[in-house]
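> show me the folded form of this:
(one chain, ligands or ions: 2)
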Amino acid sequence: MAAGRPFRACACFFSANIFVGRCGMHVCYRDERQLRRDYGRVAARRGGAAGSASGSAADEDFHVIYPSKHCLLFLTDKRIFRLPVFTEEFCQAFIEELENFEQSDMPKGRPNSMNNYGVLLNELGMDESFITPLREKYLRPITALLYPDLGGACLDSHKAFVVKYSLHEDLDLSSHYDNAEVTLNVSLGKDFTEGNLYFGDFRQDPSPVPNYIEVEHVGTQGLLHRGGQIHGALPIASGERWNLIIWMRSSAIRNQLCPMCNQKPQLVEAEGFGDGFTETCEEDVPETVDLCSVW
Ligand SMILES: O=C(O)CCC(=O)C(=O)O
Ligand SMILES: [Fe+2]
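Ligands and ions are numbered 1, 2, ... in the order given. Next up, the predicted model:
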């Protein structure tokens, strides 16, 4: 495992999968000519110009999560699971804390390149005290069982943020896959209507007929899904929707292949967990990765 090694990002962050909000599409960018050639027509149709892409708690607050027949929804072909995560009181207090931060004049980043509203939890110092223990103690035993092929037993970093939708802010989220091996999406509240999530195919196995399913939010509960499962969110019709998103990463898996550019990652320095990659020495790389020995 990556113990003690600094985390890195892949240089493709600056060229692959750049989200152009105006057209609701992702593009790869090498230079202006390539951009216009590859996307000019479709971007014009979708209402934008393809020259304008820009780069992009404590333990007692958690319900114990356990896989039982009654609390786990299993969408078999898509490997999506629903599970209880927080208490009602915790969700309320959490949103209040985030609203307080929103109203402060502290510097704030955007949660990711697609969501404009929400909070990056590392900016609130919540990684060490909250998200890392949640991932290591509660989620990893479950992901080890559900996603052994994606490094579910050795998810060793994350990017955690809360997304917020309201009528005068973001309403919906375009179709995408996450920069994660496994994602947890927890519905925190508040009151809202519509805004369901939808899930399509896994990015690596496109089927001839797109096969989308809609999944409703259930307050305090979470959905676990593969990061590569194509998904998005339908527009809300009223109220405010706040969801905690944890993109969980396995350096053992992504060091072999960056999920965003589908190539051997080109490591660049990064802060904190970076994008979950680590430097590997030649002798570290076994012929095959033994995913279970790491757990
Ligand atoms: O709107 C949501 O709940 C989903 C957000 C999401 O898919 C993401 O941020 O990666
Ligand atoms: Fe996502």
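> so how far is Leu150 from Pro265?
Using C-beta to C-beta, to the nearest Å, Pro265 is found at 16 Å from Leu150. Glycine gets a C-beta too; all of them are placed from N, C-alpha and C.
> mind checking the longest strand of the protein?
Criterion DSSP state E: the longest strand present in the chain is strand 236-249.
> any residue of it up close to ligand 1?
Yes: Strand 236-249 lies within reach of ligand 1 by C-beta under 6 Å from any ligand atom, at Asn243, Ile245.
> what's the first helix or strand after that strand?
Sequence-wise, the next helix or strand downstream of strand 236-249 (DSSP states H and E) is helix 251-254.
> who does that following helix touch, helix- and strand-wise?
On a contact count with 3 or more C-beta pairs under 8 Å, 6 or more residues apart in numbering; DSSP states H and E, helix 251-254 meets strand 277-278.
> and the strand it packs on, what's its mean pLDDT?
Across strand 277-278, the average pLDDT comes to 96.
> which strands border that strand, and is each parallel or antiparallel?
In the sheet, strand 277-278 lines up against strand 7-10 (antiparallel) (DSSP bridges).
> following element in sequence after the partner strand, please.
The helix or strand immediately downstream of strand 7-10 is strand 18-20, counting by DSSP H and E.
> just checking: what are the partner strands of the helix or strand just after that following strand?
Using DSSP H and E, the helix or strand that follows strand 18-20 in sequence is strand 25-27. Taking DSSP bridges as the criterion, strand 25-27 forms sheet pairs with strand 18-20 (antiparallel).
> and the strand it pairs with, how far out from the chain's middle?
For strand 18-20, the separation from the chain centroid amounts to 16 Å (computed by C-alpha atoms, centre = their mean, to the nearest Å).
> and it, is it in reach of ligand 1?
No: under the criterion of C-beta under 6 Å from any ligand atom, ligand 1 is not reached by strand 18-20; the shortest gap measures 11.0 Å.
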